[in-house]
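Enquirer: attaching a predicted model along with its sequence, questions to come.
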Amino acid sequence: MKVFVTGVCGQLGHDVMNELAKRGYEGVGSDIQEAYAGVADGTAVTTAPYVSLDITDQAAVEKVITEIHPDVIVHCAAWTAVDMAEDDDKVAKVRAINAGGTQNIANVAKAIDAKMVYISTDYVFDGQGETPWQPDCKDYKPMNVYGQTKLEGELAVANTLSKYFIVRIAWVFGKNGKNFIKTMLKVGKNHDEVKVVNDQIGTPTYTFDLARLLVDMIETDKYGYYHATNEGGYISWYDFTKEIYKVAGYKTKVIPVTTEEYGLSKAARPFNSRLDKSKLVENGFTPLPTWQDALRRYIDELDMENL
């Protein structure tokens, strides 16, 4: 099986390439940079075939992917800077990447009859209430530009293809890039106390664990919408931070605050990021390990001196 992976200089793309290599599949990585520019950790992705590709360039997408002719496309590339996406001068670019780029890829997937995986987000919903979101819920109501453009990407895939997996994730962390855990470890090193919101609820997703599930998925034809985060129960960012410091051995005090008290964010954030993942088991997939277990493994892997 030959798999084309976008966004390999990011957290998830990096881990998907390594999971493919682990299973003996042929992975071809791509990103906007001229050459692989992710973490130089000596893993398979660092020496795997790599193609520089601007997914907003329709002709380039068509040419590159048609020539490679993969059986599967795993589309991890996206604009993910949620607050910056709200800037008036950025909106068109965010849309060109998250919606237009995804449509370009879906069009080629259709032409070459490849399966496609599109990584999405709970931000396609309105983030209200306490009921976990179901994967097949169509009650879309994005609350910011990022969520709106990721929804447009979902619709591009669903309206173009029949052989697709749309996988929504939340609170992502991985080795190859910035994330909440790294940020909080840096902050906790230099502060006696930190304030963290306690009214936004969800579950984290470790890209190493998610990559395993995504490769499990593409080995099947159980297409459709899925939710995939680590197990272990729903928590707030405050709960998550307390556990991060506990595992890392920090003594930093964590003070719970409301989103309103915290302020500081340009884009509206969801209070309810609970994703119902029961469809995974219903379709024979193995759920991800608990987030507590994932966090321990992740912190063990981190170079704590050079966060």
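Expert: Noted; the coordinates are in hand.
Enquirer: tell me the buried residues in the helix or strand bottoming out on mean pLDDT in the chain?
Expert: The least trusted helix or strand in the chain, going by mean pLDDT, DSSP states H and E, turns out to be helix 259-262, with a mean of 92. By 16 or more other Cβ atoms under 10 Å, the buried positions in helix 259-262 come out as 259, 262. The C-beta positions use only the backbone N, C-alpha and C, and glycine is treated the same way.
Enquirer: what's that helix packed up against?
Expert: The contact analysis (3 or more Cβ pairs under 8 Å, 6 or more residues apart in numbering; DSSP states H and E) places helix 259-262 against strand 193-197.
Enquirer: list the buried ones in the strand it packs on?
Expert: Neighbour count says strand 193-197 has 194, 196, 197 buried, by 16+ other Cβ under 10 Å.
Enquirer: can you show me the strands along the stretch 1-150 of the chain?
Expert: Assigned by DSSP state E, counting those that start in this stretch, the stretch 1-150 of the chain shows strands spanning 2-6, 26-31, 50-52, 72-75, 115-121.
Enquirer: the third one - contacts with which helices or strands?
Expert: Pointing back at strand 50-52 there. Using 3+ Cβ pairs under 8 Å, 6+ apart, the elements in contact with strand 50-52 are strand 26-31.
Enquirer: what angle do the strand it packs on and strand 2-6 make?
Expert: Relative orientation of strand 26-31 versus strand 2-6 (axes from the mean of the first three to the mean of the last three Cα atoms, to 10 degrees): 20 degrees.
Enquirer: strand 26-31: which residues count as buried?
Expert: By neighbour count on 16+ other Cβ under 10 Å, the buried set for strand 26-31 is 27, 28, 29, 30, 31.
Enquirer: report the contact partners of the last one.
Expert: Residue 31 makes contact with 6, 7, 8, 9, 10, 13, 37, 50, 52, 53, 77, according to Cβ atoms under 8 Å, 6 or more residues apart in numbering.
Enquirer: I'd say the first one and residue 70 touch.
Expert: No: at 11.0 Å, residue 6 does not count as touching residue 70 under the criterion of Cβ atoms under 8 Å.
Enquirer: these two: who's more crowded?
Expert: residue 6 (27 against 22; other Cβ atoms under 10 Å).
Enquirer: quick one, what contacts the more buried one?
Expert: 13, 30, 31, 53, 55, 73, 74, 75, 76, 77, 105.
Enquirer: same list (the buried residues of strand 193-197) but as JSON lines, adding pLDDT.
Expert: Formatted as JSON lines, the buried residues of strand 193-197 follow (pLDDT from 0 to 100):
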{"residue": "194", "pLDDT": "97"}
{"residue": "196", "pLDDT": "97"}
{"residue": "197", "pLDDT": "97"}
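Enquirer: if anything else comes up later, I'll come back, but that's it for now.
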